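Participant: sequence isn't available, so here's the structure alone:
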């Protein structure tokens, strides 16, 4: 995966226009990632406990640390639709991390991270991982251990921002 180009996908997003009305907008992987050094972290679902309590809030809190280390943007992706992702971003009061809806899981499948989560009745979801992309190429990847369909666990350690900052940038908290 390291050195591999990320999938070329068009995401269906919802954005507010000048008049305050929401409408559909297609945004491509080029729009998000071309010419930038970014962190993308992907997780099983918006509004879920680990994602809402630890992973997303910690990336939001550590945004400045990553920015000082040369990261242009931090994106959170989930196999959820644009309505859910926007509601979650609002609920989490995000100011720095931006959300990307991968409602059909096309990007997640292209990254090899789509798994079944049938015990929770989630259907297909993303395996929890974080990655550093540099101009649409995978520079580093931090997938959680034990990736299998219907995994009985939801590991969260390796993809945590605290781990990434230590491993990638040798920054001490």
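Facilitator: Good, I have the coordinates. Just so it is clear, the model here is predicted, and its values are computed rather than measured.

Participant: which residues of the protein fall in helices?
Facilitator: For the chain, applying DSSP state H gives helices covering 29-33, 49-50, 56-61, 63-68, 82-91, 106-110, 161-169.

Participant: so which of the ones you listed comes closest to residue 120?
Facilitator: Residue 120 sits nearest to helix 49-50 of all these, at 11.3 Å, using CB to CB. The C-beta positions use only the backbone N, C-alpha and C, and glycine is treated the same way.

Participant: distance of the closest residue to residue 35 other than its chain neighbours relative to residue 67?
Facilitator: Nearest residue to residue 35, sequence neighbours excluded (CB to CB, 6 or more residues apart in numbering): residue 135, at 5.6 Å. Going from residue 135 to residue 67 by CB to CB, to the nearest Å gives 18 Å.

Participant: the lowest-mean-pLDDT helix or strand in the chain packs against which elements?
Facilitator: For the chain, counting by mean pLDDT, DSSP states H and E, helix 161-169 ranks last in confidence among helices and strands (a mean of 86). Applying 3 or more CB pairs under 8 Å, 6 or more residues apart in numbering; DSSP states H and E, one finds that helix 161-169 contacts helix 56-61, helix 63-68, strand 129-134, strand 137-143.

Participant: which one of those lies nearest to residue 88?
Facilitator: Set against residue 88 and scored by CB to CB, these come closest in helix 56-61, at 7.9 Å.
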